[in-house]
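[1] Structure of the sequence below:
(4 chains)
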2 protein chains.
Amino acid sequence: MQTAHATLNNQITSNATLLRPRPAPEFGTARAVTKDEEIFAEGDRAAYFYKVVSGAVRTFKLLSDGRRQIDAFHLPGDIFGLEKGDEHRFSAEALGDATIIAYRRCSLEALASRDQAFANQVIASMMNSLERAQDHMLLLGRKHALEKIATFLLVMAERLTEDGHVDLPMSRIDMADHLGLTIETVSRSLTQLERQGIIELPAHRRSIILRNKAALERLEA
Amino acid sequence: MQTAHATLNNQITSNATLLRPRPAPEFGTARAVTKDEEIFAEGDRAAYFYKVVSGAVRTFKLLSDGRRQIDAFHLPGDIFGLEKGDEHRFSAEALGDATIIAYRRCSLEALASRDQAFANQVIASMMNSLERAQDHMLLLGRKHALEKIATFLLVMAERLTEDGHVDLPMSRIDMADHLGLTIETVSRSLTQLERQGIIELPAHRRSIILRNKAALERLEA
DNA sequence: CGTAGCTTTGAACAACGTCAAACAGCGTGG
DNA sequence: CCACGCTGTTTGACGTTGTTCAAAGCTACG
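    Numbering: from 1, shown residues only, chains lettered A, B, ... in the order given. Prediction:
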């Protein structure tokens, strides 16, 4: 019950601790990563946070028996790996070859005093993550397989905007682990949508053409 | 996971800090709400955000056919209803009789310049929400019914800390809609845990005694 | 070409949901 | 004080969605 209070203050004090003098690194250091390369792992010390420049990144948690939940895919411009505490609560891997910028982690106050605009960007990105997470809980907890797929396709179409032609950067396994399904169910749902003429699955397996967005929106529930 | 320890330890000190007379920010306006009373609804203009003083609040989203996902329960000290955009993306209702404080919503910048400490509290609360949401996605997407229940009981025990004796402020329906289950499955899982001697369900249906936390933690997966 | 890694497809199965009924606590009113 | 009905919870039988297990198809890439 006081937990909230506690953590709140926790934040403030720990920020103070982090304020120790340091060469100003507003401009992080770029880094190139290759397909499936680990950027950081759950439990690692959170010395940096990151921004995607090109490519895409997945962040995920694992259960002891290997079940995986991908909480988000991060596309160019997205910030990820920012933590309240001092260790990463997720693992992060590149979906394909990608470039990212690493920023040395520091307190928001320090950040704000040095570069207000960047600080605001970071906060805004946090709120975006939160909104996405909240929408995703509804999807995971209450939507059926077909509704999950429909929602996912619409969201990705929106984020990748190639006008109904979505070139997915992730495999079926990644989709499944993001949507709380198995790859088989993902596959079956997609072919069902294709048979209904709502989408098209060209030979190149990673790309999808949305033929009937209205129908998808109806399916979204 | 000493993170938990850390937070608990800091709790004491930080509460002390918070109770100190603080340069008054917006002293929000207190409001008493009764069981199931709506505090705001999804789509409402987000003119205020709130802090729970006593009682508990649920925030949730609905699908068109009435399926509901409760994204979080808010206990005393928790902040809820803070939005990035200008309308609420959730509905909020009191679980039982409760009192809350309403703060007039304003930009974080304005808030920060006027009362840095309070601004930090707000940001920290956002990060808390995000962390909870992320953990909850793992639960919703990848855990089985029994694992969901086990996790839920441990989390609630931690937050309500009456040491193994949890007095839940919510009904089975609320639990179900939070965990992505049905009330029947919640009920069955609880009785299964009771039959295994891991918990005890006294006559008063809202209270639960955790007899074997270790077993629950093993079940958590 | 040939092999490796995804993806799709099919059939059997299990976990969870649905439907229905019994049960318990609790407030109300006779 | 007890009967009554209301509401929330538990329990049971059965159905369905999505998973599991297995195998075959594609693509890509050497």
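[2] Tell me where chain A has helices.
    Applying DSSP state H to chain A gives helices spanning A:3-18, A:108-114, A:116-142, A:145-160, A:172-179, A:183-195, A:213-219.
[3] Adding mean pLDDT and distance to DNA strand C, write these out as JSON lines.
    C-beta coordinates here come from the backbone N, C-alpha and C atoms, glycine included. Below are the helices of chain A laid out as JSON lines (pLDDT from 0 to 100; distance: least, CB to the nearest atom of the strand, whole Å):
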{"stretch": "helix A:3-18", "mean pLDDT": "37", "distance to DNA strand C": "28"}
{"stretch": "helix A:108-114", "mean pLDDT": "74", "distance to DNA strand C": "38"}
{"stretch": "helix A:116-142", "mean pLDDT": "93", "distance to DNA strand C": "9"}
{"stretch": "helix A:145-160", "mean pLDDT": "96", "distance to DNA strand C": "11"}
{"stretch": "helix A:172-179", "mean pLDDT": "98", "distance to DNA strand C": "3"}
{"stretch": "helix A:183-195", "mean pLDDT": "98", "distance to DNA strand C": "3"}
{"stretch": "helix A:213-219", "mean pLDDT": "96", "distance to DNA strand C": "17"}
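[4] Tally up the residues packed near the spatially closest residue to residue A:81 that is not a sequence neighbour, please.
    Excluding its sequence neighbours, the residue lying closest to residue A:81 (CB to CB, 6 or more residues apart in numbering or on different chains) is residue A:49, at 4.3 Å. As a burial measure, residue A:49 scores 21 neighbours (other CB atoms under 10 Å in any protein chain shown).
[5] Okay, domains of chain A per the record?
    For chain A, automatic domain parsing gives the domain ranges A:3-115, A:143-219.
[6] Redo those as a markdown table? Include distance to DNA strand D.
    Shown next, in a markdown table, are the domains of chain A (distance: least, CB to the nearest atom of the strand, whole Å):
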| stretch | distance to DNA strand D |
| --- | --- |
| domain A:3-115 | 8 |
| domain A:143-219 | 3 |
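[7] Make TSV from these and add distance to residue B:189 to it.
    TSV is the format used below for the domains of chain A (distance: least, CB to CB, whole Å):
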stretch	distance to residue B:189
domain A:3-115	18
domain A:143-219	18
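[8] nearest spatial neighbour of the residue most central in space within chain A, skipping sequence neighbours?
    Nearest to the geometric centre of chain A sits residue A:72, at 2.6 Å (CA atoms, centre = their mean). Using CB to CB, 6+ apart and skipping residues adjacent in sequence, the residue nearest residue A:72 is residue A:59, 5.6 Å away.
[9] What does the pLDDT read for the residue nearest to residue A:208 when sequence neighbours are not counted?
    Once flanking residues are discounted, residue A:208 sits nearest to residue A:166: 4.8 Å by CB to CB, 6+ apart. On pLDDT, residue A:166 comes in at 92.
[10] correct me, but residue A:166 touches residue A:158?
    No. Shown here, residue A:166 and residue A:158 do not form a contact pair, counting by CB atoms under 8 Å, at 9.6 Å.
[11] tell me the contacts of the residue lying closest to residue A:172 once chain neighbours are set aside?
    Excluding the flanking residues, the one nearest residue A:172 by CB to CB, 6+ apart is residue A:183, at 4.5 Å. When contacts are counted by CB atoms under 8 Å, 6 or more residues apart in numbering or on different chains, residue A:183 touches A:172-173, A:175-176.
[12] Would you mind writing the CA trace of stretch A:61-80 as PDB?
    Taking Å, rounded to 0.1, in the frame of the first residue of the first chain, the C-alpha atoms of stretch A:61-80 are listed here in PDB:
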ATOM      1  CA  LYS A  61      10.900 -11.900 -21.000                       C
ATOM      2  CA  LEU A  62      11.300 -15.700 -20.500                       C
ATOM      3  CA  LEU A  63       9.800 -18.100 -18.100                       C
ATOM      4  CA  SER A  64      11.900 -20.800 -16.500                       C
ATOM      5  CA  ASP A  65      10.800 -23.400 -19.000                       C
ATOM      6  CA  GLY A  66      11.500 -21.200 -22.000                       C
ATOM      7  CA  ARG A  67       8.100 -19.700 -22.700                       C
ATOM      8  CA  ARG A  68       8.700 -16.300 -24.100                       C
ATOM      9  CA  GLN A  69       6.700 -13.100 -24.200                       C
ATOM     10  CA  ILE A  70       7.800 -10.400 -26.500                       C
ATOM     11  CA  ASP A  71       6.500  -7.200 -25.000                       C
ATOM     12  CA  ALA A  72       7.300  -5.000 -27.900                       C
ATOM     13  CA  PHE A  73       8.900  -4.600 -31.300                       C
ATOM     14  CA  HIS A  74      11.000  -1.400 -31.600                       C
ATOM     15  CA  LEU A  75      11.200   0.300 -34.900                       C
ATOM     16  CA  PRO A  76      13.400   3.300 -36.000                       C
ATOM     17  CA  GLY A  77      12.900   6.200 -33.700                       C
ATOM     18  CA  ASP A  78      11.800   4.100 -30.800                       C
ATOM     19  CA  ILE A  79      13.600   4.100 -27.400                       C
ATOM     20  CA  PHE A  80      14.000   1.000 -25.400                       C
END
